[in-house]
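Visitor: Here's a sequence, model it:
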Amino acid sequence: MGPSEAVRPGQDARLSGKARPAARLSRWRPAYLPLILAYLVIVASDFWVTGSYAGRLGWPLTIIWTWPIVTTLTGIIGLRRTRRALRRSAERWSGHGVTTSDDLLVVAVPTVGRHDTYPALERSVLSYLEYLPRCFPRLRVDIVVDEGCEAAGHIAALAAGSDRVRLVTVPRAYRTRKGTRFKARATHYLHELRIREGEARDDVWVLHMDDDTGVGPDTALSMARFLAEQSRSGDDARHLAQGILTYPREYAVNRLTWLADAARPAEDVGRFSAWTGSGTPRAGVHGELLLVRASIEATIGWDFGPRSLVEDAQFALIFSARYRGRSAWFAGRSYGASPATLRDFFKQRERWSWGLAALVFNRSLQLRNRVLLAYSVMSWVVGPIQNVAVVLLIAWLIADSNTSPVTSLVIPLWALNMAYVVWMYWEGLRVNAEVSGDGRRRWWEPVAVLALIPVFGMMEGLSGLRGFLKFARRVENRFAVIAKPS
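Guide: This is a model prediction of the structure:
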């Protein structure tokens, strides 16, 4: 179920819509049909318009439009894996009611503590208190703030409202051994606190969440079932797991960025499911809805140095090297908010690209774990010149409109790459609409999301390129925290 199905008094009135039955989302499966239909249409069109010889753009286009094929194939493998995992889970837990876990669940919520981020923090914390205790009787929510943060009074009052919530304040004088800054510094402080308190144990799990990302009943149930499965797995138990990030329409201030974020849940059921679900998260992990066994987290920590901007991805790569085959994927969803403005959208993606580029050249990480990351970053950085509109503009400027490849053998690959992009936005929109208040896509949304794919591609590509260039120019890194819609 989505976050609109049960609302505590005082929560956002926008979420007070009619509740939907839990079965609606429990029956969800990512669909093959949009991918197949898009592929058939695109491959037929490509063969129709392709000439018998290549022009001056032949070799460049053959390379750049074929380049994403590894990501595409990985995503399709993940799609298949997700469908199989959902089917097996339904069979395994058929007839079971609510599953409870005896393990201690600690929800770690670092926040910059500004006034413009507080409303989303409050919404998220209330969702943890609403939904998690039913499956996790042993629950604690740790809100982590820096000493003297702007909204300290409001956050303290929020923490005082429940004995399940603890406010952890990071002293101004606190320094990690490697000089880590930003969110990772606060997360590492909390990590050290858990070790001192004797909670670095196998029966303690840490759920890392962003301060704008809440949970629902499906999140709690999926996590509890995952932990129950690990208790019976013995030596094959997994130590890290991640679910699906979704974006309810009710939390969207900007419809364009909400539609652009349709790609994110699709990536979770595609590419991230393929890697994290297969046991080794070489594609990275997200900083929210990240479930880690405390005893394992204690061996890695979050002290990655002052230049770290994407501590979640770095954690995943270190985990991949030390605990190969020990990660998992689960079907629970988190409920977050898309960036409120285009400027925030660009800042967010720019930081990700900047931080990931730094990891590619970080020699402390295993080379084989950086190869996939390097490929992904390169795919992101060349995004602007892969864009159809840019290619047509270049063709016009050089007075050669022939965009045929040097060999027609790559046309099926081109079509598959484009069909997968279409599938991502179509399926991701479906997921985000289903977790929204009315549970349906509005008539114009599928049309808009398909028509705007070139625009979204340029938005993602330009922000990724800007982030890479800042890394290449050795600009002083900054952890930009965007405003969080409530």
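Visitor: Now do the strands in the stretch 101-250 of the chain.
Guide: For the stretch 101-250 of the chain, the strands defined by DSSP state E, counting those that start in this stretch cover 104-110, 139-146, 165-170, 204-208, 214-215, 240-246.
Visitor: Packing partners of the first one?
Guide: Meaning strand 104-110. helix 118-131, strand 139-146, helix 182-196, strand 204-208 (3 or more CB pairs under 8 Å, 6 or more residues apart in numbering; DSSP states H and E). Every C-beta, even on glycine, is put in place using the N, C-alpha and C of the backbone.
Visitor: Quick one: closest of these to Trp354.
Guide: Closest to Trp354 of the helices and strands packed on strand 104-110, according to CB to CB: helix 182-196, at 12.3 Å.
Visitor: picking that back up, ok, and which of the helices and strands packed on strand 104-110 has the densest surroundings?
Guide: strand 204-208 (a mean of 25; mean count of other CB atoms under 10 Å).
Visitor: Paired strands for that one, with orientation please.
Guide: With DSSP bridges as the test, strand 204-208 is paired with strand 104-110 (parallel), strand 290-293 (antiparallel).
Visitor: With mean neighbour count, distance to Arg80 and mean pLDDT added, can I get those in a markdown table?
Guide: Below are the strands paired with strand 204-208 laid out as a markdown table (neighbours: other CB atoms under 10 Å; distance: least, CB to CB, whole Å; pLDDT from 0 to 100):
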| stretch | mean neighbour count | distance to Arg80 | mean pLDDT |
| --- | --- | --- | --- |
| strand 104-110 | 23 | 31 | 98 |
| strand 290-293 | 24 | 23 | 98 |
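Visitor: Could you export those strands as JSON lines, including distance to Arg349?
Guide: Supplementary listing: those in JSON lines, determined by distance: least, CB to CB, whole Å:
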{"stretch": "strand 104-110", "distance to Arg349": "20"}
{"stretch": "strand 290-293", "distance to Arg349": "20"}
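Visitor: ok, the residue positioned nearest the centre of the chain to Glu445 distance?
Guide: For the chain, the residue nearest the mean C-alpha position is His286 (4.7 Å; CA atoms, centre = their mean). Counting by CB to CB, to the nearest Å, the gap from His286 to Glu445 is 24 Å.
Visitor: so Pro454 touches Leu392, yeah?
Guide: No. Counting by CB atoms under 8 Å, Leu392 is not a contact partner of Pro454; they are 10.2 Å apart.
Visitor: before we move on, the earlier item: Throw the helices and strands packed on strand 104-110 into CSV and include mean pLDDT, thanks.
Guide: Shown next, in CSV, are those (pLDDT from 0 to 100):
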stretch, mean pLDDT
helix 118-131, 96
strand 139-146, 98
helix 182-196, 97
strand 204-208, 98
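Visitor: Tell me which of those lies nearest to Val310.
Guide: helix 182-196 (9.2 Å).
Visitor: How about residues contacting that closest one?
Guide: Identification of contacts with helix 182-196 by CB atoms under 8 Å, 6 or more residues apart in numbering yields 106, 108, 110, 142, 144-146, 168, 170, 174, 176, 180, 200, 204, 206, 208, 287, 294, 297-298, 301-304, 308-309, 311, 479.
Visitor: looking at this protein, which helix or strand does the model trust least?
Guide: helix 23-26 (a mean of 58; mean pLDDT, DSSP states H and E).
Visitor: what would the helices and strands packed on strand 104-110 look like in CSV with distance to Val371?
Guide: CSV is the format used below for the helices and strands packed on strand 104-110 (distance: least, CB to CB, whole Å):
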stretch, distance to Val371
helix 118-131, 36
strand 139-146, 34
helix 182-196, 24
strand 204-208, 26
